[in-house]
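Chemist: Predicted coordinates and the sequence they were generated for:
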Amino acid sequence: MPSETQELDEILGVRAARRMRGQRRAEAAAIFREAAEGRLLPTSDQLLRGCPFLGGDMASDIRAFVAETPRGALDQEALDSLRRVDAATRGADSNEASVDAAILDALGACSFTDASDPDGTLRLRCVIYAAFLGDIDAMHAVAAEAALMAYMQEWHREGDGTDLVWQALAWCALSAVQMGPFRKPPHPVSEMASTRDRIDAFADEFRTQVFRLAREVG
């Protein structure tokens, strides 16, 4: 039987953990807000957690990403890859669909060696962009990366460690929609134009249903 001291330590530990989680959630909310307002370029990890692009615009995010990527360790092929992707976002005289197609083509032509991209940051960023533009293989890769991040994360240090889980499931669901599923998705979700909106809708539904079930069986 635990002593009073042990019980007190456990209560204080739970309270401290709750305070830390609250702080982390507040920090994440601030990051999301700053990114949406165009004051912060989110990291790839933050994008995988559902953070919006810089100013809510992928083209602006790409240009900022290219501008902020250190050039020192990049070989010529990597530099050319970034230059082409940046240039594709500047199709001011074209319609949105043709600009998106040009960006997707430029992303597909990207080549980064291990020397230029030792931790895979550049490649991951490009895959995330391609997923938002509807590339099914990229969606699968993003779903897998988010799931692996969720598995590897330090759960006790997260504000809400389940965010990555819902994002991973949402990308899996959206890739099924893109391929033509055996069962059609809910009508409102299938009609949403924005990939971000569709991902958020799937993720929110997963979160809501799982938490509802947990309350029912708890």
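Modeler: Here it is on my side, so go on. Numbering: from 1, shown residues only.

Chemist: Which residue, neighbours along the chain excluded, lies closest to the spatially most central residue of the chain?
Modeler: Most central residue of the chain, judged by C-alpha distance to the mean C-alpha position with Cα atoms, centre = their mean, is L48 at 1.9 Å. The shortest distance from L48 to any residue other than its chain neighbours is 4.8 Å, reached at A146 (Cβ to Cβ, 6 or more residues apart in numbering). In this view, the C-beta of every residue, glycine as well, is placed from N, C-alpha and C.

Chemist: for the helix or strand hosting the one you found, packing partners?
Modeler: Element membership of A146 [criterion: DSSP states H and E] is helix 136-152. The criterion is 3 or more Cβ pairs under 8 Å, 6 or more residues apart in numbering; DSSP states H and E, and the helices and strands that helix 136-152 contacts are helix 44-48, helix 121-132, helix 163-179.

Chemist: what's in contact with the second one?
Modeler: What it means is helix 121-132. Outside helix 121-132, the residues within contact range by Cβ atoms under 8 Å, 6 or more residues apart in numbering are 44, 47-48, 58, 61-62, 65, 69, 78, 82, 85, 103-104, 107-108, 110, 112, 116-117, 138-139, 141-142, 145, 171, 195-196.

Chemist: mind listing what's buried in that helix?
Modeler: By neighbour count with 16 or more other Cβ atoms under 10 Å, helix 121-132 contains the buried residues L122, R123, L124, R125, C126, V127, I128, Y129, A130, A131, F132.

Chemist: still on that earlier bit, emit the ChimeraX select command for whichever of the contacts of helix 121-132 are buried.
Modeler: Only the buried members of the contacts of helix 121-132 enter the following ChimeraX selection, criterion being 16+ other Cβ under 10 Å:
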select :44,47,48,58,61,62,65,69,78,82,85,103,104,107,110,112,116,117,138,139,141,142,145,171,195
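
Chemist: before we move on, back to that, need the helices and strands packed on helix 136-152 in a markdown table (columns: distance to T208).
Modeler: Shown next, in a markdown table, are these (distance: least, Cβ to Cβ, whole Å):
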| stretch | distance to T208 |
| --- | --- |
| helix 44-48 | 21 |
| helix 121-132 | 23 |
| helix 163-179 | 10 |
